[in-house]
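Trainee: Okay, here's the prediction I keep looking at, along with the sequence it came from:
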Amino acid sequence: DSLQGRLHMNKILQDKPNAFVVSLGDLGESSKCDDSNQLFAGTSACFKLAREYLDGLDFPYAVIGGNHDLEGIDEFGTDEENLRAFL
């Protein structure tokens, strides 16, 4: 589960000098994860969930967007709108 994973990462990195986490994109699932009947990856809800997870780390982080992070086709009219939400 994500909470256990985050606790595990924090424990591993706690004694490392200059610890920094990099997420290599694809922050969400490409499946219906809620009652909205839309794909989850690339949506505002997906970005919010990923942000909450990453903010729970005890270390700074950076996110490199993946191709699935721009799949919010049901929520955003264009890739540009989707990218602005991601950033």
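Mentor: Good, I have the coordinates.
Trainee: Leaving out the residues flanking it, which one is nearest to residue 26?
Mentor: Leaving aside its sequence neighbours, residue 26 sits nearest to residue 66 (C-beta to C-beta, 6 or more residues apart in numbering; 3.8 Å). (C-beta placed from N, C-alpha, C; glycine too.)
Trainee: cool, residue 49 as well?
Mentor: Once flanking residues are discounted, residue 49 sits nearest to residue 28: 7.3 Å by C-beta to C-beta, 6+ apart.
Trainee: What separation do you get for the closest residue to residue 75 other than its chain neighbours and residue 22?
Mentor: Spatial nearest neighbour of residue 75, excluding adjacent residues (C-beta to C-beta, 6+ apart): residue 43 at 5.1 Å. For residue 43, the distance to residue 22 equals 22 Å [C-beta to C-beta, to the nearest Å].
Trainee: in the protein, which spans are strands?
Mentor: Using DSSP state E, the strands of the chain run over residues 21-23, 61-63.
Trainee: Verify the stated contact: residue 2 with residue 50.
Mentor: No. In this structure, residue 2 is not within contact of residue 50 by C-beta atoms under 8 Å, at 9.8 Å.
Trainee: name the helices or strands packed onto the helix or strand of the chain with the lowest mean pLDDT?
Mentor: Every helix and strand in the chain was compared by mean pLDDT, DSSP states H and E; the lowest is helix 79-86, with a mean of 76. Here helix 79-86 touches helix 44-55, going by 3 or more C-beta pairs under 8 Å, 6 or more residues apart in numbering; DSSP states H and E.
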